[in-house]
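[1] Please find the sequence and the predicted model below.
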Protein chains: 2
Amino acid sequence: MTKAEIPNTILGEASSQFAAQGYSAVSMRDIAKQLGMTPANLYYHFKDKEDLVRSSLAYVFEGKMCMLDDIVARYDDPLKRLEMVITWFSTLLFEDEIFSRLLYRELLENDDARMKFLSNEVFQGPFSLLVQIIGDCVQTEDPALLVVSVVSLIIGHVQIAKVFKHLKENKPEYNQPEMLTRHVMEAILRLAKPVDAGRTA
Amino acid sequence: MTKAEIPNTILGEASSQFAAQGYSAVSMRDIAKQLGMTPANLYYHFKDKEDLVRSSLAYVFEGKMCMLDDIVARYDDPLKRLEMVITWFSTLLFEDEIFSRLLYRELLENDDARMKFLSNEVFQGPFSLLVQIIGDCVQTEDPALLVVSVVSLIIGHVQIAKVFKHLKENKPEYNQPEMLTRHVMEAILRLAKPVDAGRTA
DNA sequence: GTCTATATTCAGATAGAC
DNA sequence: GTCTATCTGAATATAGAC
């Protein structure tokens, strides 16, 4: 997928603009302008706009998910490992606007072909890994369902934070990855039974 | 906000297309065409495209949230009431593509002015109501946080279902409002302590 | 209230020079 | 690899007839 160096510069700018404004709201001209190029040059590197969109998605999503493997490799203790994964994901969603917005956009657009591609090529691995990681920490009938709930909690809290901050019930400390991590870890331990306390302490 | 009858027809079509494809991907031509009108006529009813977008949002969101009040009025038992609210919201998100997609779009766009408007005018009421409804069922330090978690679970599950259905861990019965309601109700009772079992039985 | 006709701007995309 | 120049179509929006 890595075509060279110039394309990567283009992909960086393109993904940033696509994330911020949406695919159809961003023109080839907009991207070219920010890069100090002419639109024509973009067509030298990418077949058409759709090609640029797909390449941008791949560029952003690939190379994020692999961080999961690093965390798994670095932490032996299951609970600590789970906590680090949740911290990583919360922080990613809170702080990486490009990743998170592109993710939300894909969830929204719900283009079936692209969804299937992303599910198979990007999300299946991390999801199964998460099922295993969480299965090492707690006992539950349906680990996959628990993982969906955990991911829901994280994604949901981050998204809803945007509304919540305008509500009178808001507390500023809610909108922080650390708080969210603590909250989600607590939730997991309430939703399922900790496994083999000796190993996880 | 109700301008007459023709505008409502326009708003219905516009909100449908905006929900499906996004504001900038839908042209005045597209909307007019589907209505069997010319674009020019749209400009008779709405000042410009932005006016049509905002009016469409108001048209869809207003009149959805008021259903909450109906539920509260209809059910006395706190637990039953909570369950009906969750069922209503799950079903709304699963089945009303226009409402749900416009909601996701607003959460994504995160336009601060529009967000503040929506928070104050649309979401504050239902949110506070939910805090009260859930507070009647369970005891918890921070009811608002629990409500955010519950809403997160619902929104998250519905969104993630789109990915999940392509994963090998999927089970078809997951993608149903009834299942989600049961799951969320169970989660609430695990996350917080039921209050005064006598009243809620 | 809806149309035709049109002004204007901007989009995606290509050919061909350098 | 990047440009100039340009084609073609489509967008928003308006004026003015019916």
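    Structure's in. What do you need?

[2] Okay, domains of chain A per the record?
    As given by automatic domain parsing, the domain ranges for chain A are A:6-56, A:63-200.

[3] Can you list the low-confidence ranges for chain A?
    Residues of chain A that meet the criterion pLDDT under 70 lie in A:1-4, A:196-201.

[4] Show me the strands in it, by range?
    All strands of chain A, identified by DSSP state E, fall at A:138-139, A:193-194.

[5] Show me what the last one is packed up against.
    This points to strand A:193-194. With contacts defined as 3 or more C-beta pairs under 8 Å, 6 or more residues apart in numbering or on different chains; DSSP states H and E, strand A:193-194 has these neighbours: strand A:138-139. Heads up, the C-betas are built off the backbone N, CA and C, glycines and all.

[6] Need the single longest helix in chain A, by residues.
    For chain A, the longest helix by residue count, based on DSSP state H, is helix A:143-164.

[7] just the angle between that one and helix B:143-164, please?
    Interaxial angle, helix A:143-164 versus helix B:143-164 (axes from the mean of the first three to the mean of the last three C-alpha atoms, to 10 degrees): 120 degrees.

[8] got the buried residues for helix A:143-164?
    Across helix A:143-164, burial judged by 16 or more other C-beta atoms under 10 Å in any protein chain shown covers A:143-164.

[9] Give me the contact status of it with chain B.
    Yes: against chain B, helix A:143-164 shows contacts by C-beta under 8 Å from any C-beta of the partner chain at A:144-145, A:148-149, A:151-157, A:159-160, A:162-164.

[10] Could you do stretch A:176-186 as well?
    Yes: Stretch A:176-186 reaches chain B (C-beta under 8 Å from any C-beta) through A:His183.

[11] and what of stretch A:104-113?
    Yes: using C-beta under 8 Å from any C-beta, stretch A:104-113 reaches chain B at A:Tyr104, A:Arg105, A:Leu107, A:Leu108, A:Asn110.

[12] do you know how far the fourth one is from DNA strand D?
    From A:Leu108 over to DNA strand D the distance is 20 Å, taken as C-beta to the nearest atom of the strand, to the nearest Å.

[13] Any idea how many residues pack against that residue?
    By other C-beta atoms under 10 Å in any protein chain shown, 20 other residues sit near A:Leu108.

[14] In contact with it: list those residues for me.
    Shown in contact with A:Leu108 (C-beta atoms under 8 Å, 6 or more residues apart in numbering or on different chains): B:Arg101, B:Tyr104, B:Arg105, B:Leu108.

[15] ranges for the helices of chain A?
    So, for chain A - with DSSP H - the helices run A:6-21, A:28-35, A:39-45, A:49-61, A:67-74, A:78-95, A:97-109, A:112-118, A:124-135, A:143-164, A:177-191, A:197-200.

[16] Let me know the angle separating the fifth one from helix A:124-135.
    Orientation of helix A:67-74 against helix A:124-135 (the same axes, to 10 degrees) gives an angle of 40 degrees.

[17] A:Gly63 - how many residues pack around it?
    Neighbours of A:Gly63 (other C-beta under 10 Å): 11.

[18] repeat for A:Lys171
    12.

[19] And A:Ile71, how close does it get to chain B?
    20 Å (C-beta to the nearest C-beta, to the nearest Å).

[20] Please name the nearest non-neighbouring residue to that residue.
    A:Met84 (5.0 Å; C-beta to C-beta, 6 or more residues apart in numbering or on different chains).

[21] follow-up on the earlier one: what about DNA strand C: which of the residues of helix A:143-164 next to chain B touch it?
    Of the residues in those, proximity to DNA strand C by C-beta under 7 Å from any atom of the strand holds for none.

[22] Pick the one among the residues you listed closest to DNA strand D.
    Proximity of the residues of helix A:143-164 next to chain B to DNA strand D (C-beta to the nearest atom of the strand) peaks at A:Lys162, which lies at 26.3 Å.

[23] so what's that closest one up against?
    By C-beta under 8 Å, 6+ apart, the neighbours of A:Lys162 are B:Leu107, B:Asn110, B:Met115.

[24] Now, of those residues, which are buried?
    B:Leu107, B:Met115.

[25] which one of the contacts of A:Lys162 sits closest to DNA strand C?
    Closest to DNA strand C, out of all of the contacts of A:Lys162 and judged by C-beta to the nearest atom of the strand, is B:Asn110, at 21.9 Å.

[26] and the closest one, what does it touch?
    Contacts of B:Asn110 (C-beta under 8 Å, 6+ apart): A:Lys162.

[27] how about 10 Å then?
    By C-beta atoms under 10 Å, 6 or more residues apart in numbering or on different chains, B:Asn110 lies in contact with A:Glu97, A:Arg101, A:Tyr104, A:Gln159, A:Lys162, A:Val163.
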